[in-house]
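K.L.:
give me a model of this one.
(chains A, B and C)
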Amino acid sequence: MLEVFGRRPYLVLLVMALLLAPVPLLQLNDYILHVLTLFLIFAVFATGWNLTLGILGLKTLGHHAFFAVGAYASAMVSHYFGVSPWITIWLAALIAALTGLLIGFPILRIRSMPHVAIVTLAFAEIVRLVFANLKEITRGELGFWGIPPFDPIQIGETTIRFGLGNAAGSFAVAAIMFVGVHLALLLLLRGRCGLTFLAIRDAEAAAESLGVRLAAWKLFAFAISAAVVGLSGAVYAHYVLILTPTSVAGPEMLISLLAMIIVGGVGRFFGPIYGALLLTVTSELLRDFGDFRMLLYGALIIVFVFAAPAGIAGLKPRFSRKETETRKTVEAV
Amino acid sequence: MSATQFIELIINGLITGSIYALVGSGIALVYGTTRVLNFAHGELMMLAGYGVLLFAVTLGWPVLLAALATILIVMLLGAVIQRVTIAPLLKREDWAFNVVAATIGLSIFLQSAAQLIWGEQFQGVPYFFNGVAVIGEVRMPWQRIAIFLVALGVMGLCALVLYRTRLGRIIRATAQDAEAALAVGIPSGLVHTAVFAISAALAGTGAILLSPLVTVSPWMGASYLLKGFAVVILGGLGSFGGAVAAGFLLGLIESFSVAFVSTEWSNVVAFLFLIAVIWARPEGLFAGRGA
Amino acid sequence: MLRLEGVNVHYGATRVLWDVAMEVGAGEIVAIMGPNGSGKSTVLKAAMGLKKPSSGVVSLDNEELQNKSATLRPKRGMSIVLERRRLFPRMSVEENVMLGAYTRKPSEARETFRWVLDLLPEIKPHLNATAGKLSGGQQQMVAIARGLMANPRVLLMDEPFLGLSPAMVKTVCSIMQMINERGVAILFNEQNAKLSFSMSHRGYLLESGRVVLSGSGEEMLDHPEVRRVYLGIRETAA
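P.N.:
From the prediction side, this is the model:
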């Protein structure tokens, strides 16, 4: 538990919330707010994925499918049926969760890592192709536009507006989602549920023999993880206001998110957040060298796998903890 | 469906299938022997594509010589990738995911590097074989038929090495029990490197055969990687023969799907088939015989 | 001949062997006895180079081997029969046995092959069978044959009696004695004290990764601690 959450997870989250709260009032320029908004959305995405990848230990490689499902579901329902995005984002999370259950079923029966990786990857490819091919309703790779932004909120005299171009409001939505999702997950994972996930990750057979209903728990984890990712996709859709299948479910999305999780720290609760921050900011700094972005991500993944497999989150405390661990086992033997 | 159409679909399926079989059997060989899933396998194809472009087009070498030089180079690259990026990770506890992550990183790195070096434009290689074969009422360019024949020949050669030579015997021994192989004195590390080189040769052959038809680009391998993986799972993880059979099967399924749905859905059909198989028979369609 | 000095082995952060010292002289049968999880197999793996010790010396005829690859051992006259036979399951029996001579010249291998078949005629009828399809006892014969193909001076045997029928245990026992009579030293491990020490010249008792007792086979069988804990004999005060 300590390794996953660190010593005081609620305090860490509180500090993050306090750091985020004053940002909209700082009169920062819109571009910086835009980058920070993207960071928050991707951080939620990465955390959601890390739930299966790192915390449950199920090496899925297709979570960009749930991002796409959430984004397109919310975008299409609000566009075609005129439902407020404030409602459709929850619907999108639900649909993503159901999709998660759907693909969770075949995966459950498999214990081999390569199978899981390949099946989830193939699933993401199916999702991308379906959105690309259903041109009548998604406009395919031409892009689905006309997505309504979140409805404005009136507080006294001031009206808060959202969507691209309304930086402060959009940032606020992303920040509230970010804090809310992480708080909810902490509450969930710090209890019995989290212990069960970790037990499954560390010793599947042992967990099963202790009476853990593996199948049900894995499905549950998959659904939660997909819902979180779907929610981030929905918020993304109502922020950027245009979607293409390749931009949300293509290989670049897979690589970017995988890089964030690996750089941040696979299986560390706060790891993906640091990874998302670092990579979103650097890739914006490198904006003028667009072609180098994927080169950098590829190199970062390799470097971190070799030099710091526990990611940024695992960098500092690793040494001290390892020592105490060694000492403990020495005494135990 | 007329008989001519039917024959054409079969021939097309076998041709697409031979590339899938080449790519998939290479991945299966590596997985079967080393338990490593190499996500940079597609980039070996891509580099072979640029290799043949360099030797056959830019330098104007004879096709056979260009192909041999290309295959030797990708074999060397495969061996280097194994030595430098994969072997050091195998000692770790969580090596399986570490290797997947590292090879994904390597794959995207090589793709973007190729894009920076050679640009985004797609480059064509002229046909190696001219003329059109006439089979009944079906007319088929020799270049496409050659894909099937050469692929079959190369995979046959590979099977011969695996089952009839000393190298093949120690590869199979390492695949079946790496520790026992080490205990009798087989240097399993070198065997792993050799297997990567053979697998790269198979990928390179696929890329060379494809290069006149699909044009060479930084992404030419990426699109075949997932198909190769699908083939490996369908064939029963790690089975060389299974992967070859599954490659042809997947090619035929895609080819025949065109008779029922439009072309852009054929990949969806192929991957849905994969998921259905995993659901019904997780051990694959042709399981039972490993490398 | 084979000597382990101060050998320590770790699995991750867990230490499984503590300063283990052992010796096998030419032509000896030496048993390592100990309860489950005491590190018996690890000693053999460390000796064979299949598990690298974190410190200590493994030497054969005074040549230090602990930092050398496992693949060198067969060339130096050392081979191992692994726990649960560990044959190459989808290869024929003959292929399995011949792979045991991987490090040797083909002509020498042929000669040893004849010698091995003389010694273990039971495997002759199965030479073309798939190894994985044989019974446990037959597989053990093949595994021993494969181990002998390196023409070893020391044969390590990891749990040679595991999962065998009582009749088969006797057969394997006599085969081990027969091999030993041809001048091959044997180091094996086994959980059963009586079986271990009654058929060995010398023995070691291993507990929690430490050698706690050693001596000749009879000495070990007569030791009060062994009798009480491992043979379940209660001594009345003498």
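K.L.:
shaky segments in chain C?
P.N.:
Along chain C, segments meeting pLDDT under 70 span C:235-238.
K.L.:
show me the helices in the stretch 51-200 of chain B, by range?
P.N.:
Using DSSP state H, counting those that start in this stretch, the helices assigned to the stretch 51-200 of chain B run over residues B:63-81, B:95-118, B:142-164, B:166-176, B:178-183, B:188-214.
K.L.:
report the closest residue of the stretch 1-150 of chain B relative to chain C.
P.N.:
Nearest residue of the stretch 1-150 of chain B to chain C (Cβ to the nearest Cβ) works out as residue B:93 at 6.8 Å. C-beta coordinates here come from the backbone N, C-alpha and C atoms, glycine included.
K.L.:
what residues does chain C have near chain B?
P.N.:
Contact residues (Cβ under 8 Å from any Cβ of the partner chain) of chain C with chain B: C:12, C:48, C:50, C:69-75, C:79-80, C:82, C:86-91, C:95, C:99-100, C:102-103, C:146, C:149-150.
K.L.:
so how do I select the buried members of these in PyMOL?
P.N.:
To isolate the buried members of the residues of chain C next to chain B in PyMOL, using 16 or more other Cβ atoms under 10 Å in any protein chain shown:
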select buried, chain C and resi 48+50+70+71+72+73+74+79+80+82+86+87+88+89+90+91+95+99+100+102+103+146+149+150
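K.L.:
which ones are touching the residue of the stretch 1-150 of chain B closest to chain C?
P.N.:
Going by Cβ atoms under 8 Å, 6 or more residues apart in numbering or on different chains, residue B:93 touches residue C:12.
K.L.:
Three-state assignment for residue C:19, please.
P.N.:
Of the three states, residue C:19 takes strand according to DSSP: H, G, I helix; E, B strand; the rest coil.
K.L.:
was I right to think it contacts residue C:210?
P.N.:
Yes. Residue C:19 lies in contact with residue C:210 (Cβ atoms under 8 Å); the separation is 7.2 Å.
K.L.:
overlap of the contact sets of the two?
P.N.:
Joint contacts of residue C:19 and residue C:210 (Cβ under 8 Å, 6+ apart) do not exist.
K.L.:
just checking, residue A:308 touches residue A:315?
P.N.:
Yes. Here residue A:308 reaches residue A:315: they are 6.0 Å apart, a contact under Cβ under 8 Å.
K.L.:
neighbour count winner among those two?
P.N.:
Ranked by neighbour count (other Cβ atoms under 10 Å in any protein chain shown), residue A:308 and residue A:315 place residue A:308 first, with 16 against 13.
K.L.:
how about the more buried one, phi and psi?
P.N.:
Note on residue A:308: its backbone torsions stand at phi -140, psi 70 [degrees, to the nearest 10].
K.L.:
and the gap between it and residue A:264?
P.N.:
In this view, residue A:308 and residue A:264 are 11 Å apart by Cβ to Cβ, to the nearest Å.
K.L.:
again, but for residue A:173
P.N.:
Distance, residue A:173 to residue A:264, by Cβ to Cβ: 23 Å.
K.L.:
same question, residue B:4
P.N.:
58 Å.
K.L.:
these two - which one has more neighbours?
P.N.:
Taking other Cβ under 10 Å, residue B:4 and residue A:264 do not tie; residue A:264 has more neighbours (29 against 13).
K.L.:
pLDDT value on that one, please?
P.N.:
If you check residue A:264, the pLDDT there is 93.
K.L.:
report the central residue of chain C.
P.N.:
A centroid search over chain C (Cα atoms, centre = their mean) returns residue C:157, at 1.7 Å, as the residue closest to the centre.
K.L.:
so which residues of chain A form strands?
P.N.:
Ranges of strands in chain A, per DSSP state E, are A:153-155, A:158-160.
K.L.:
comparing these, which gets the lowest mean pLDDT score?
P.N.:
For the strands of chain A, the bottom mean pLDDT is recorded on strand A:158-160, which sits at a mean of 80.
K.L.:
which parts of that strand are buried?
P.N.:
Within strand A:158-160, the residues that count as buried by 16+ other Cβ under 10 Å are residue A:160.
K.L.:
that one pairs with which strands, and in what direction?
P.N.:
Partner strands and pairing direction for strand A:158-160 (DSSP bridges) are strand A:153-155 (antiparallel).
K.L.:
please settle this for me: is residue C:3 part of a strand?
P.N.:
Yes. If the criterion is three-state DSSP, then residue C:3 is within a strand.
K.L.:
identify the bridge partners of it.
P.N.:
With DSSP bridges as the rule, residue C:3 is bridged to residue C:23, residue C:59.
K.L.:
try residue A:154
P.N.:
Beta-bridge pairing for residue A:154 (DSSP bridges): residue A:159.
K.L.:
could you check how far it is from residue B:115?
P.N.:
Computed with Cβ to Cβ, the distance linking residue A:154 and residue B:115 is 49 Å.
K.L.:
mind checking which of the two has more residues around it?
P.N.:
Legend: neighbour count by other Cβ under 10 Å for residue A:154 and residue B:115, higher for residue B:115 (16 against 9).
K.L.:
pretty sure that one is touching residue B:122, no?
P.N.:
No. Counting by Cβ under 8 Å, residue B:115 does not reach residue B:122; the two are 11.5 Å apart.
K.L.:
what sits up against stretch B:42-53?
P.N.:
For stretch B:42-53, the external contacting residues (Cβ under 8 Å, 6+ apart) are B:23, B:66-67, B:69-71, B:73-74, B:77-78, B:81, B:106-107, B:110-111, B:114, B:118, B:123, B:125, B:199-200, B:203-208, B:210-211, B:216-225, B:228.
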